[in-house]
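Engineer: Okay, sequence plus prediction incoming.
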Amino acid sequence: MFVSVWFLPLHPKAEFQVPTLKETDQWKVELLAPSKDKKLAQGEKGRYEVYSLIVTNKNEKAQNVSVRGFRNEPGTSKMYGLAPQMESDSIKKGQTFSFKNFPVKAGTEKLEFIIMWEEEPYTYKDGTKATSGRAYKETFVFTPNKRAPLD
């Protein structure tokens, strides 16, 4: 009796687990599944995956807020900008930024979201205000679950 067994290589498929939450004292960043709304970008198997993002201000009012998203390209240290790039002159405690269905190239091993903001401008003893407040930056990094493909 002859038994033949074929071994096919299993290439790990990188997908980001959703929902995933990261937070600090100031911000809550949620990486979510995409909306099923067909008017928005949808994933394309083997080319790109699609996710949604919500950023919530958990603390005091923030001025000149910007959120920038980046992904890596395997084999290089360079990071590529993503569509979720949001800005606001002011965001109060509890307010959010949201971006639905942004594409991420298949095989991406790291998503990085950078939030930069300023506190309210300082008021001097003579009553005049500084042109801007102290600047801050926080970085939120998401990495995928590696698993064998189901198909």
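Structural biologist: Cool, the structure landed.
Engineer: got a list of what the residue nearest the centre of the chain touches?
Structural biologist: Residue closest to the average C-alpha location in the chain (CA atoms, centre = their mean): Phe113, at 4.5 Å. Residues in contact with Phe113 (CB atoms under 8 Å, 6 or more residues apart in numbering) are 29, 53, 55, 67-70, 84, 139-142. Just so you know, the C-beta spots here come from the backbone N, C-alpha and C atoms, and that holds for glycine as well.
Engineer: now it: how far from Pro84?
Structural biologist: Distance of Phe113 to Pro84, given as CB to CB, to the nearest Å: 7 Å.
Engineer: ok, back up a step: among the contacts of Phe113, which ones are buried?
Structural biologist: 29, 53, 55, 67-70, 84, 140, 142 (16 or more other CB atoms under 10 Å).
Engineer: Tell me the predicted confidence for Ala135.
Structural biologist: Predicted confidence (pLDDT) for Ala135: 94.
Engineer: what's around it, how many residues?
Structural biologist: Neighbour count of Ala135, defined by other CB atoms under 10 Å: 11.
Engineer: surely it meets Glu118?
Structural biologist: Yes. Ala135 lies in contact with Glu118 (CB atoms under 8 Å); the separation is 5.3 Å.
Engineer: and the longest strand for the chain?
Structural biologist: strand 79-91 (DSSP state E).
Engineer: Would you map the strands across the chain?
Structural biologist: So, for the chain - with DSSP E - the strands run 13-15, 20-23, 27-32, 48-57, 62-72, 79-91, 96-105, 111-118, 135-142, 145-147.
Engineer: looking at the ones you listed, which is closest to Ala41?
Structural biologist: strand 96-105 (4.4 Å; CB to CB).
Engineer: partners of that closest one, with directions?
Structural biologist: strand 48-57 (antiparallel) (DSSP bridges).
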